[in-house]
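Peer 1: sequence-free structure coming up:
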């Protein structure tokens, strides 16, 4: 499937090591990954944050007092997908290390994952939905040149 039309706003918060993450995630790369996972035109902001900002957002919006890898704030799904994706760089980096995968591959996975959430996919509503979402992630990441993230 060809990448969808995407207006991307890419932001990096201030945190230790931000420059390294910014170098790893050039705009064209993020645009390709997110656009590839979109099934219709989108306006999506991607913000890469540190642990403090990630924890504060997760506490405020999900009432969970820890930083998580990706938060998806979806606003509209039709006719245009509008959403904010917030990725916590230290958590993403820690998970990539623990899972023995390249950091760039984990970022690609989480950006595809968050983009699917923005379109209504949900792995927490039941096993069937989780399997459908995982299968789509594997298919999309494979087409982007990444191995099965699971």
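Peer 2: Here it is on my side, so go on. Only a predicted model underlies this, so the values are computations on that prediction, with no experimental measurement involved.
Peer 1: What residues of the one helix or strand residue 139 maps to count as buried?
Peer 2: Assigned by DSSP states H and E, residue 139 falls within helix 127-143. Neighbour counts over helix 127-143 (16 or more other C-beta atoms under 10 Å) mark 133, 134, 136, 137, 138, 140, 141 as buried. (C-beta placed from N, C-alpha, C; glycine too.)
Peer 1: which element is residue 87 on?
Peer 2: Here residue 87 sits within strand 81-88, counting by DSSP H and E.
Peer 1: For the residue nearest to the spatial centre of the chain, give me its contacts.
Peer 2: Computing the C-alpha centroid of the chain and ranking residues by C-alpha atoms, centre = their mean puts residue 111 first, at 2.4 Å. Contacts here follow C-beta atoms under 8 Å, 6 or more residues apart in numbering; on that basis residue 111 touches 30, 33, 34, 37, 46, 70, 85, 87.
Peer 1: Need the phi and psi values for it.
Peer 2: phi -70, psi -40 (degrees, to the nearest 10).
Peer 1: per-residue pLDDT, it?
Peer 2: As predicted, residue 111 sits at a pLDDT of 98.
Peer 1: measure it to residue 101 for me?
Peer 2: Plainly put, residue 111 is 14 Å away from residue 101 if you go by C-beta to C-beta, to the nearest Å.
Peer 1: Over to residue 14?
Peer 2: From residue 14 across to residue 101, the span is 26 Å (C-beta to C-beta).
Peer 1: show me where the protein has strands.
Peer 2: 6-12, 42-49, 70-76, 81-88 (DSSP state E).
Peer 1: of those strands, which approaches residue 125 most closely?
Peer 2: Residue 125 sits nearest to strand 70-76 of all the strands of the chain, at 14.2 Å, using C-beta to C-beta.
Peer 1: Average pLDDT for that closest one, rounded please.
Peer 2: Computed over strand 70-76, the average pLDDT equals 96.
Peer 1: Give me the angle between that strand and strand 42-49.
Peer 2: Orientation check (axes from the mean of the first three to the mean of the last three C-alpha atoms, to 10 degrees): strand 70-76 against strand 42-49 gives 150 degrees.
Peer 1: Direction included, what does strand 70-76 pair up with?
Peer 2: Strand 70-76 has the following strand partners under DSSP bridges: strand 81-88 (antiparallel).
Peer 1: Name the residues that touch the partner strand?
Peer 2: With contact meaning C-beta under 8 Å, 6+ apart, strand 81-88 is reached by 34, 38-51, 53-55, 57, 67-76, 107, 110-111, 114-115, 117-119.
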